[in-house]
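A.B. asks: give me the fold of what follows.
(one chain, ligands or ions: 1)
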Amino acid sequence: MVKFCFRWFGNDDPVSLQNIRQIPVVDGIVSALYDIEVGDIWPNNKLKSLKEVIEKHELELSVIESIPVHEDIKLGKPSREKYIDNYSQSIRNMGRVGIPILCYNFMPVFDWTRTNLAMENPDGSTSLGYDHNALQNIDLRKESLDLPGWATAYSHDELNNLLNEYSKVDENTLWNNFEYFLQQVVPVAEESKVKMAIHIDDPPWSIFGLPRIIKDEEALDRLVNSVDSISNGISFCVGSLGANRHIDLPRLIRKYGKKGRIHFAHLRNIKHTAEFSFHETAHPSKFGDNDMYEITKALIETNFKGVIRPDHGRMIWGETGRPGYGLYDRALGIMYLYGLWEGIKKGLKVS
Ligand SMILES: [Mn+2]
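C.D. replies: Have a look, this model is predicted:
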C-alpha cells in the first residue's frame with residue numbers, strides 16, 4: 001500500500017505531531033535526527049526514541065530524510081573510508097529499528113537552494129523562488145553567509161576551503177566518488193532491508209561552479225545501473241527535476257517505476273519563469289507547469305507502493321515558520337494529492 005506522509009523536523013518544529021495527526025489522510029512521518037554531527041554514526045537508541053515518539057501519536061516513522069553524506073566522501077579524500085563505515089553503520093541501525101526508506105542526496109556543499117524564500121504572490125501568500133541571474137550575482141567568497149535558505153553550518157573560511165577543494169572535482173570525479181560510495185553502502189542497505197533513495201539535485205544544474213550530477217535521465221540511468229539492487233533507488237522529487245522544463249516527468253516515473261526503483265515521491269508544483277528560473281506554487285496542476293494528474297497516474301500505473309509526501313508549500317493565512325514547511329499549505333497539498341490518488345485509482349479500477 002502506498003503511504004501518504006508528512007515531513008516533521010523534530011521537537012523544534014513549530015508544526016507538531018498533534019497537528020499532523022489531525023490531517024485526516026496522513027499515515028506516517030518523514031523525519032531525521034537533528035543533533036548528530038555530519039559523518040557520525042546515527043545511534044540505535046536515538047533512532048528508536050524518534051520512532052517511539054512518532055508512534056505515540058499513532059503515526060509511523062516511514063522515511064529518514066536525510067542522513068547527510070560527509071563532504072570527504074563526495075571529495076574522495078582518504079578519510080572517506082571512515083565516513084563510509086559510519087554511514088553503513090547508521091543504515092544498519094535504521095534497519096535494526098525497522099525504518100524502511102532512507103532519502104539522501106549527493107550535492108556538494110549546498111542542499112536545496114533558492115534566491116528568495118518569501119516571494120510575494122498576488123494573493124498575499126509567499127513562495128520560494130529561484131532566479132538564476134540573482135544566483136550568479138552572488139560571490140560566495142566575498143559575501144557573508146547570512147543569506148537565507150542554505151542549509152550550511154560552514155564559516156566563511158571553511159566554505160572557502162571547501163570551494164577550493166571542489167575546484168579540482170569535476171562531474172566525472174564526483175560520479176566516481178558517488179559510485180565508490182554506492183558500491184559499499186548499497187549492499188549494507190540491502191542486507192539491512194533499507195531502501196536507499198537518492199533525491200534529485202535541487203535545482204538540477206550546477207550552482208556556484210560546483211558540480212551537480214543527479215539531474216536528468218542520463219544520470220538516473222547511470223545511477224540504477226551502477227549497483228543493481230532494489231536498495232539503490234530514487235526519491236523522485238517532481239519539483240526538483242521539473243525545474244528542468246525539458247524533462248517529461250510522467251515518462252521517467254514510468255521508466256524507473258517499472259524497474260521498482262522509485263521508493264519515495266516528493267510531489268509539488270512549480271512555475272517556470274525563464275530557462276533556469278522558477279518559483280514554487282500551490283500543489284494543484286492549474287497553478288504550475290507540472291501536470292500532477294499525469295504524475296500521479298504514472299505512479300499508480302507502475303504500481304507504486306512507496307511513500308508520497310507533499311513537498312514544499314507556500315506560506316498562507318499568516319503562518320510563519322520554516323520556509324517551505326509550514327502546516328497549512330502542505331496540509332491542503334496532501335489532501336489534493338490524496339484526492340487525485342483516490343480518483344485516478346478508482347477510475348482505473350486498479351486494486
Ligand atoms: Mn524534494
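A.B. asks: the residue in the stretch 51-200 of the chain positioned nearest to the ion - how many residues pack around it?
C.D. replies: In the stretch 51-200 of the chain, no residue comes nearer to the ion than residue 199, which is 5.8 Å away by Cβ to the ion. For every residue, glycine as well, the C-beta is placed using N, CA and C. Counted with other Cβ atoms under 10 Å, the neighbours of residue 199 add up to 23.
A.B. asks: which bits of the chain sit near the ion?
C.D. replies: 237, 266, 311 (Cβ under 5 Å from the ion).
A.B. asks: out of the residues you listed, who's nearest residue 81?
C.D. replies: residue 237 (30.0 Å; Cβ to Cβ).
A.B. asks: hey, what's that closest one bridged with?
C.D. replies: Going by DSSP bridges, residue 237 is paired in beta bridges with residue 266.
A.B. asks: quick one: residues contacting it.
C.D. replies: Neighbour list for residue 237: 199-200, 202, 265-266, 311 [criterion: Cβ atoms under 8 Å, 6 or more residues apart in numbering].
A.B. asks: can you pull the contacts of residue 272?
C.D. replies: 243, 245, 278, 289.
A.B. asks: residue ranges of the helices in the stretch 201-350 of the chain, please?
C.D. replies: 217-226, 238-241, 249-258, 292-301, 328-348 (DSSP state H, counting those that start in this stretch).
A.B. asks: deepest-packed of those, please.
C.D. replies: helix 238-241 (a mean of 25; mean count of other Cβ atoms under 10 Å).
A.B. asks: starting at the chain centroid, how far to that helix?
C.D. replies: 9 Å (Cα atoms, centre = their mean, to the nearest Å).
A.B. asks: show me what that helix is packed up against.
C.D. replies: helix 249-258, strand 262-267, strand 269-274 (3 or more Cβ pairs under 8 Å, 6 or more residues apart in numbering; DSSP states H and E).
A.B. asks: so for it, what's the average pLDDT?
C.D. replies: For helix 238-241, the per-residue pLDDT values average out at 97.
A.B. asks: what about stretch 138-156, how long is it end to end?
C.D. replies: 14 Å (Cα to Cα, to the nearest Å).
A.B. asks: oh, I was asking about stretch 219-239
C.D. replies: 17 Å.
A.B. asks: ok so, going back, let's have the helices and strands packed on helix 238-241 in CSV, adding mean pLDDT and distance to residue 118.
C.D. replies: Listed next are the helices and strands packed on helix 238-241 as CSV, based on pLDDT from 0 to 100; distance: least, Cβ to Cβ, whole Å:
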stretch, mean pLDDT, distance to residue 118
helix 249-258, 98, 27
strand 262-267, 98, 21
strand 269-274, 96, 16
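A.B. asks: export these to TSV and tack on distance to residue 39?
C.D. replies: TSV is the format used below for the helices and strands packed on helix 238-241 (distance: least, Cβ to Cβ, whole Å):
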stretch	distance to residue 39
helix 249-258	30
strand 262-267	23
strand 269-274	32
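A.B. asks: residue 117 and residue 278, how far apart?
C.D. replies: Using Cβ to Cβ, to the nearest Å, residue 117 is found at 14 Å from residue 278.
A.B. asks: name the residue in those two with the higher neighbour count.
C.D. replies: Shown here are residue 117 and residue 278; by other Cβ under 10 Å, residue 278 has more neighbours (26 against 16).
A.B. asks: quickly list what the residue nearest the centre of the chain is bridged to.
C.D. replies: Geometric centre of the chain, nearest residue: residue 199, 4.5 Å, by Cα atoms, centre = their mean. Assessed by DSSP bridges, residue 199 has beta-bridge partners residue 235.
A.B. asks: related to what we said a few turns ago, compare the contacts of residue 272 and tell me which is most surrounded.
C.D. replies: Neighbour-wise, the contacts of residue 272 (other Cβ under 10 Å) top out at residue 278, 26 neighbours.
A.B. asks: ok, what's across the strand from that residue?
C.D. replies: residue 130, residue 272.
A.B. asks: that one contacts residue 129, doesn't it?
C.D. replies: Yes. Counting by Cβ atoms under 8 Å, residue 129 is a contact partner of residue 278 at 7.4 Å.
A.B. asks: name the nearest residue to residue 227, ignoring sequence neighbours.
C.D. replies: residue 186 (4.4 Å; Cβ to Cβ, 6 or more residues apart in numbering).
A.B. asks: for the stretch 201-350 of the chain, give me the ranges with low pLDDT.
C.D. replies: For the stretch 201-350 of the chain, applying pLDDT under 70 flags the ranges 349-350.
A.B. asks: now do the contacts for residue 211.
C.D. replies: 108, 166, 169-171, 173-174.
A.B. asks: now, which of those lie within helices?
C.D. replies: Secondary structure of those is defined by DSSP state H; positions in helices are 166, 171, 173-174.
A.B. asks: could you give the number of residues near residue 276?
C.D. replies: Residue 276 - counted by other Cβ under 10 Å - has 19 other residues nearby.
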